[in-house]
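> Need a 3D model of the sequence below.
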Amino acid sequence: MVDLELSGLPVLTPTQRVQRLSILLWGTSGCGKTTLAATAPGRKLWINFDPDGTETLLGRDDILVIDFSTEKNDVVAKFREENPIRIEKFIAEQNIDTVVFDSLTSYGEKALHYGVKMAQGTTKGRSATLEDPGFSGYGNKNTWTRLAVKNLLQSTGKLNKHCIFIAHEDKPTTNEQGTVLFISIMLGSALNEQIPVSLSEIWHMSDTGKKRMIAIRPCRMRKPMKTRMFKTTGEPEFAWHYNAETWEGDTIEKWYNEWIARGSKIDLPK
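Modelled structure (predicted):
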């Protein structure tokens, strides 16, 4: 096929364009989100905000960790600018294939604390507190969280690297009678709708006590979920078969390679 350009950029067919993964993986604490994210393709850079969040990664030699969990709350400012923490240079030099951000929920907590502090220095937000952050406090937190996602997606996308964000599950949303309406991501009402738009895969994880489940479409009152990798004409979720001690079984890398080789959506794992 003849090479095409428009405005200095290559024009490609969907088949020619190499697809990278951009995933938001969310669920309850301890359900296996970290273990699943660690099965992503290649060498991984783990941007950690969760206290003790990398304990399940011990023994792996394909992961580099940068730990922000014990840093002061103003560390969130490092992700407000393009090419945050000068990540593009590090990705290229260290041959990183996947960047994992763990977790957006913990980052959001730091952003809220710092957002309230910054709001208190303004006329509109000087009455902001952690108990009542107000428009200014919440506004800062939401803006900085959106920017962190946007800038990391932009930097990893520029280098055609995979990017995975991890988040926790929120408490149920109920009506006035206490009936559960749905359960969503622990990010904040606006962010729950805004952030998934930018990502290709939104997966929910759960642990029934007997097996771990991955949902790729809304089910069991959980939302949002979506996928471009898996077929969506059948069941909304599947059991994940993986031994975390031997690191054997189904992996994100395996599914990704099958998807790329096939050139179209793949069946849910059996």
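> how about stretch 35-47: buried residues?
Residues 35-41, 43-47 are the ones in stretch 35-47 that count as buried (16 or more other C-beta atoms under 10 Å). Using the backbone N, CA and C atoms, a C-beta is placed for each residue, glycine as well.
> what about that stretch, start to end distance?
Criterion C-alpha to C-alpha, to the nearest Å; first-to-last residue distance in stretch 35-47 is 15 Å.
> got it, and stretch 110-127?
Stretch 110-127 has an end-to-end distance of 19 Å (criterion: C-alpha to C-alpha).
> Quick check: buried residues in stretch 74-85?
In stretch 74-85, counting by 16+ other C-beta under 10 Å, buried: 75-76, 79, 84-85.
> In helices, which of these fall?
For the buried residues of stretch 74-85, not one is inside helices, with DSSP state H as the criterion.
> picking up where we left off before, ok, so of the buried residues of stretch 35-47, who is nearest I66?
Out of the buried residues of stretch 35-47, the one with the shortest distance to I66 is I47. That distance is 5.7 Å, counting by C-beta to C-beta.
> Tell me where the stretch 151-270 of the chain has helices.
For the stretch 151-270 of the chain, the helices defined by DSSP state H, counting those that start in this stretch occupy 189-194, 252-262.
> is it possible to export the ones you listed to CSV including mean pLDDT, distance to N243 and mean neighbour count?
Shown next, in CSV, are the helices of the stretch 151-270 of the chain (pLDDT from 0 to 100; distance: least, C-beta to C-beta, whole Å; neighbours: other C-beta atoms under 10 Å):
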stretch, mean pLDDT, distance to N243, mean neighbour count
helix 189-194, 88, 33, 15
helix 252-262, 96, 14, 15
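> Tabulate those in JSON lines, adding columns for distance to V100.
Formatted as JSON lines, the helices of the stretch 151-270 of the chain follow (distance: least, C-beta to C-beta, whole Å):
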{"stretch": "helix 189-194", "distance to V100": "19"}
{"stretch": "helix 252-262", "distance to V100": "11"}
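> Can you tell me how far the residue positioned nearest the centre of the chain is from T98?
Ranked by distance to the mean C-alpha position of the chain (C-alpha atoms, centre = their mean), the top residue is F165 at 1.5 Å. Applying C-beta to C-beta, to the nearest Å, the value for F165 to T98 is 12 Å.
> same question, T35
The spacing between T35 and T98, counted by C-beta to C-beta, is 14 Å.
> cool, L130 as well?
When C-beta to C-beta is applied, the distance between L130 and T98 equals 34 Å.
> more crowded one of those two?
T98 (28 against 11; other C-beta atoms under 10 Å).
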